[in-house]
Each structure stands twice: as structure tokens, then as C-alpha cells.
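Q: Return a 3D structure for these sequence lines:
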Amino acid sequence: MSETVIKVENLSKRYRIGLEDKADTFAEQLKNTFLYPIKNIRKIAQMTRFDKEDDSIFWALRDINFEVKKGEVLGIVGHNGAGKSTLLKILSRITEPTSGKIEIRGRVSALLEVGTGFHPELTGRDNVYMNGTILGMRKKEIDAKFDEIVAFSGVEKHIDTPVKFYSSGMRVRLAFSVAAHLEPEILIIDEVLAVGDVEFQNKCLGKMEDVAGQGRTVLFVSHNMEAVERMCDQSLLLDSGNLKDIGTTYEILQKYENVRRQNFKLKHEWIEDEGLFELEGITLVSIELINDNHGIPRCIRVRMKYLREVGVVPMIQLFNSKRIKIMSSVCSVRHENHNDIVEYDLELPLESLIDGRYFINLSLVRNGNQRVLRFSELLNFEIYRPLKRMDYMEKNLPIVKLRDDWSINTNL
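A: Prediction:
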């Protein structure tokens with residue numbers, strides 16, 4: 001049975017946030033201006049008091065429980081503000097929890113922000129040795145790893161330059177190289193890899209796989225679901241500071257998409273019974289993927305109801321897993337009979353899409369390119385064929401073949 005190296009029990013973290021004093025009249029605003037110094041002194045005095053729950057108290061994490069085994073690569077996913085970074089900061093001993101406890105067995109190396117742990121006035125060389133010393137390594141151990149660290153980072157020409165003159169990409173490359181090569185028992189990586197270019201991101205993922213292959217533990221936070229899927233067998237899902245679930249990465253990513261869509265609907269006040277969104281005489285009734293008999297998405301269907309003539313049509317954009325736009329198509333035909341529900345179908349160019357995950361944005365546009373409203377990542381789908389990826393790539397297919405295969409149905 002594998003040894004438990006991280007154990008989190010009933011972990012919670014709360015903050016007190018500032019609330020704006022809103023005034024409805026000019027007289028109230030003038031009064032607030034004069035009273036501001038007194039109110040500010042009171043607020044400062046109350047900053048560390050949590051004797052009662054009110055709107056100023058924000059729970060970044062609440063009653064989190066999980067364990068991580070030695071050699072496990074655990075993905076941590078959730079939307080912005082879910083509590084991922086707070087959790088990693090607590091595990092890295094950067095901040096203290098409000099309640100609960102954590103047990104960590106092993107030396108932790110964390111990369112949470114660009115240049116974490118680097119002194120800007122010191123050179124890259126000095127920072128490598130400083131970080132190694134903080135991790136408890138001797139100079140001889142750092143000497144043995146130094147050339148490998150610098151070569152991996154690609155900053156050889158600037159290694160004796162103060163870090164304050166590094167670009168953000170250079171800092172993150174060196175920081176990751178230091179974190180991964182100084183042999184930590186536990187490696188914690190936040191979303192900072194998004195700063196580097198694609199080639200370096202792939203190098204980092206490969207290095208993390210090497211670290212995991214050596215029996216070390218990795219905690220990995222990323223919004224790149226393809227990277228999480230590649231790296232992690234197990235993942236946990238955070239939502240609004242709560243641990244929603246922990247399990248296989250495939251299952252967690254499916255639940256993450258469901259949570260993301262629910263949060264999106266809430267944010268935009270979609271009305272399930274009457275439609276998803278109403279603006280300027282248009283009701284967006286629904287958007288869905290239509291599958292063929294084999295369960296493969298063949299088209300995107302948008303249903304809209306026109307209450308009056310507004311000259312607005314749907315535009316679909318297709319993004320790959322790296323959020324690179326690979327297709328954009330606007331419907332060129334309008335049908336705006338009052339109170340009609342119009343069904344727009346856009347056929348997907350499946351024969352031109354390589355295997356992977358795709359995301360769909362929907363915009364409502366006027367006059368071909370004037371955007372009235374945009375919804376990001378409303379739908380997602382995956383393509384996995386029985387062919388091996390390399391066999392498929394050898395067919396020399398383009399990423400996507402642009403076309404406008406729209407069809408319209410009004411007999412609803």
C-alpha cells in the first residue's frame with residue numbers, strides 16, 4: 001500500500017473583504033466622504049475579528065478533506081475563484097489555514113507565480129543556489145544539477161544577469177527548471193506554465209512525467225484540460241471553495257464542465273423555461289450539439305426566437321484544447337418572422353478535425369461582424385477515432401476546412 005504524503009483534514013480559509021458604501025443621493029455621498037476616515041479606522045480594527053458572519057467574510061476554502069499518495073499525480077481543477085491557488089499556497093506553507101490541518105511528508109518545491117522565490121536583484125545563478133539552499137540541499141548537490149537546470153531553462157546567456165531584467169517567460173522557465181530539477185519529494189505547479197511558449201510547455205509536461213515516474217508526487221493546477229488529462233490519473237474538483245468530488249481525471253473533467261456551465265448560466269441569468277437569454281427583441285432559446293447514429297457530434301444547433309426584426313444572426317467559433325481559434329462562421333441568411341422560433345444548424349467539418357477536445361463560442365452579430373452579445377465556451381466535445389493519432393496525422397489533413405454549411409428550419 002502506497003504511503004500517504006499529503007493529508008488534508010477539514011481545511012478552511014476565510015478572508016475579510018472590503019465592501020463599498022453606496023449612496024443613493026448626493027447628500028448621502030457627501031456625508032460618506034466626511035465620515036470616511038472614522039469608518040476606515042473602524043474597519044482596520046475589525047480586520048482580524050470574525051466573531052459573526054456577514055457579507056464582508058469570504059470563505060476561499062471550506063471543510064476540504066483529501067489524501068495524496070506517494071508517486072501520485074493529482075490534478076486540481078475548477079473555475080476562477082474556486083480556491084485552487086489558495087489551497088496550493090496553504091500546502092506550500094505560504095499562508096496559514098483558518099481551521100483544519102495538513103500533514104506533509106517530504107520536501108516541497110512549489111511554483112505558484114512567475115518568479116516565485118526569486119530575488120530580483122540577484123542573478124539567475126545566485127537564485128538557483130539560493131532556492132536549492134532553501135530546499136535543504138548542499139552546494140555539492142546543487143553543483144551537480146546546475147548545468148542541467150540552466151540547459152533545460154534555455155537562459156544560458158543570461159544566467160549571470162539580475163533576474164529583474166528577465167522577461168516573464170525567462171523567469172518562469174528558470175523557476176520551473178529549478179523547482180523540477182532539485183529533486184523535491186513533492187512538486188506543486190500552478191497555472192504559471194501558461195506564460196511559456198507551447199514548446200516549453202511540452203518540455204515541462206514531459207519533465208513532470210519524469211518526476212512522477214521517479215516515484216515523486218505532483219500536484220498540478222491548470223486550465224488546460226488536455227494537459228490535466230495527459231498528466232493526471234486522479235483529480236479533484238473545487239467549486240466556490242468546496243470540494244465537489246475526487247476521482248479519475250476523466251470523470252472529474254466531465255463534472256467540471258457541468259459545474260462550469262451551471263456557473264455560467266447563473267452569472268448570465270439564463271431563464272430555463274422561457275429561453276437562455278433575451279436582448280433587444282431576441283430570445284436565445286437553446287444551443288446544443290446534434291450527434292449522428294454513432295454518438296459523434298455532426299452539427300451545432302442554435303434556436304432563436306425573434307420578437308421583432310433586429311437583423312441579428314448567430315456566429316459560431318470553434319476553439320481547440322489550447323484555446324486557439326480554428327474556425328469562425330456567421331450565418332448569412334436571416335429569418336425574422338415575429339414570434340417564430342428559428343433553428344440554425346451549422347455542420348461540423350469532422351473530416352478535417354484531428355483528435356482532441358473542442359470548445360464552442362456563440363456570438364449574436366449584426367451586419368456580418370458587429371457583435372451584439374458573446375457567450376464563451378458554451379459547449380465542448382471530444383473526437384477520438386480508432387486510428388492512432390500518428391496514423392491520422394500522416395494523412396496530412398489541415399486543422400480545419402473553413403466553410404459555411406448553415407441550414408435553417410422555421411417549421412417548428
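
Q: Can you name the residues bridging to residue 374?
A: Beta-bridge pairing for residue 374 (DSSP bridges): residue 363.

Q: neighbours of it, just the number please.
A: 13 (other Cβ atoms under 10 Å). All C-beta spots, glycine's among them, are computed from the backbone N, C-alpha and C.

Q: just checking, residue 200 touches residue 175?
A: No. Judged on Cβ atoms under 8 Å, residue 200 makes no contact with residue 175 at a distance of 11.9 Å.

Q: what about those two, which has more around it?
A: Ranked by neighbour count (other Cβ under 10 Å), residue 200 and residue 175 place residue 175 first, with 28 against 19.

Q: For that one, what are phi and psi?
A: Torsion angles at residue 175 (phi, psi; degrees, to the nearest 10) stand at phi -60, psi -40.

Q: now the helix or strand hosting residue 200: mean pLDDT?
A: In the assignment (DSSP states H and E), residue 200 maps to helix 198-213. Averaged across helix 198-213, pLDDT comes to 79.

Q: Need phi/psi at residue 224.
A: With angles defined as degrees, to the nearest 10, residue 224 sits at phi -90, psi 100.

Q: So it is in contact with residue 321, correct?
A: Yes. At 6.9 Å, residue 224 counts as touching residue 321 under the criterion of Cβ under 8 Å.

Q: So for these two, which residue has more residues nearby?
A: Neighbour comparison, residue 224 and residue 321: the larger count goes to residue 224, with 19 against 16 (by other Cβ under 10 Å).

Q: now for whichever helix or strand comes after the helix holding residue 200, which elements pack on it?
A: Downstream of helix 198-213, the next assigned helix or strand under DSSP H and E is strand 217-221. Secondary-structure packing of strand 217-221 (3 or more Cβ pairs under 8 Å, 6 or more residues apart in numbering; DSSP states H and E): strand 4-16, strand 57-69, strand 73-77, helix 84-91, strand 186-189, helix 198-213, helix 225-231.

Q: who does strand 217-221 pair up with?
A: According to DSSP bridges, strand 217-221 has these partners: strand 73-77 (parallel), strand 186-189 (parallel).

Q: any chance of the ones you listed in CSV, plus mean neighbour count?
A: Formatted as CSV, the strands paired with strand 217-221 follow (neighbours: other Cβ atoms under 10 Å):
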stretch, mean neighbour count
strand 73-77, 25
strand 186-189, 24
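
Q: ranking those by mean pLDDT, which is last?
A: Mean pLDDT values for these show the minimum at strand 186-189, a mean of 87.

Q: For that one, give me every contacting residue.
A: Strand 186-189 has contacts (Cβ atoms under 8 Å, 6 or more residues apart in numbering) with 5-6, 88, 91-92, 104, 106-112, 176, 179-180, 204, 208, 211, 216-222.

Q: mind running it again at 10 Å?
A: 5-6, 68, 70, 73-74, 76, 87-89, 91-92, 104-112, 176, 179-180, 204-205, 207-208, 211-212, 216-222, 231 (Cβ atoms under 10 Å, 6 or more residues apart in numbering).

Q: coming back round to it: now list whatever residues contact both of residue 224 and residue 321.
A: Listed as contacting both residue 224 and residue 321 by Cβ under 10 Å, 6+ apart are residue 357.

Q: and residue 148, helix, strand or coil?
A: helix (DSSP: H, G, I helix; E, B strand; the rest coil).

Q: I meant residue 176, not that one.
A: Assigned by three-state DSSP, the conformation of residue 176 is helix.

Q: Pull the number of nearby residues for it.
A: By other Cβ under 10 Å, the burial measure for residue 176, its neighbour count, is 27.

Q: The strands paired with strand 217-221: which one's closest to residue 408?
A: Taking Cβ to Cβ, strand 73-77 is the member of the strands paired with strand 217-221 nearest to residue 408, at 37.6 Å.

Q: Export the strands paired with strand 217-221 to TSV and append columns for distance to residue 243.
A: Shown next, in TSV, are the strands paired with strand 217-221 (distance: least, Cβ to Cβ, whole Å):
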stretch	distance to residue 243
strand 73-77	10
strand 186-189	17
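
Q: from the middle of its chain, how far away would stretch 176-183 be?
A: Centroid displacement of stretch 176-183 relative to its chain, using Cα atoms, centre = their mean, to the nearest Å, is 23 Å.

Q: repeat for stretch 118-125
A: The mean C-alpha position of stretch 118-125 is separated from the chain mean by 29 Å, Cα atoms, centre = their mean.

Q: Figure out the length between the terminal residues of it.
A: By Cα to Cα, to the nearest Å, the extent of stretch 118-125 from end to end equals 11 Å.

Q: which other residues reach it?
A: Here stretch 118-125 makes contact (Cβ under 10 Å, 6+ apart) with 126-131, 146, 149-150, 153, 155-156, 158-166, 170-171, 174-175, 177-178.

Q: go with 7 Å
A: By Cβ atoms under 7 Å, 6 or more residues apart in numbering, the surrounding residues in contact with stretch 118-125 are 127, 130, 155, 158-164, 171, 174-175.

Q: Selecting buried members of those in PyMOL, what would you type?
A: In PyMOL, selecting the buried portion of the contacts of stretch 118-125, with burial taken from 16 or more other Cβ atoms under 10 Å, looks like this:
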select buried, resi 127+130+155+158+159+163+171+174+175
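
Q: Pick out whichever of the contacts of stretch 118-125 sits closest to residue 257.
A: residue 175 (30.7 Å).

Q: hmm, back to that, could I get the helix holding residue 200 in PDB with only the CA atoms?
A: In PDB, the C-alpha atoms belonging to helix 198-213 read as follows (Å, rounded to 0.1, in the frame of the first residue of the first chain):
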ATOM      1  CA  VAL A 198       4.000  25.800 -26.500                       C
ATOM      2  CA  GLU A 199       7.400  24.100 -27.000                       C
ATOM      3  CA  PHE A 200       8.400  24.900 -23.400                       C
ATOM      4  CA  GLN A 201       5.000  23.800 -22.000                       C
ATOM      5  CA  ASN A 202       5.500  20.400 -23.600                       C
ATOM      6  CA  LYS A 203       9.000  20.200 -22.100                       C
ATOM      7  CA  CYS A 204       7.600  21.000 -18.700                       C
ATOM      8  CA  LEU A 205       4.900  18.300 -19.000                       C
ATOM      9  CA  GLY A 206       7.500  15.800 -20.100                       C
ATOM     10  CA  LYS A 207       9.700  16.700 -17.100                       C
ATOM     11  CA  MET A 208       6.700  16.400 -14.700                       C
ATOM     12  CA  GLU A 209       6.000  13.000 -16.100                       C
ATOM     13  CA  ASP A 210       9.700  12.100 -15.500                       C
ATOM     14  CA  VAL A 211       9.400  13.400 -11.900                       C
ATOM     15  CA  ALA A 212       6.300  11.300 -11.300                       C
ATOM     16  CA  GLY A 213       8.000   8.300 -12.900                       C
END
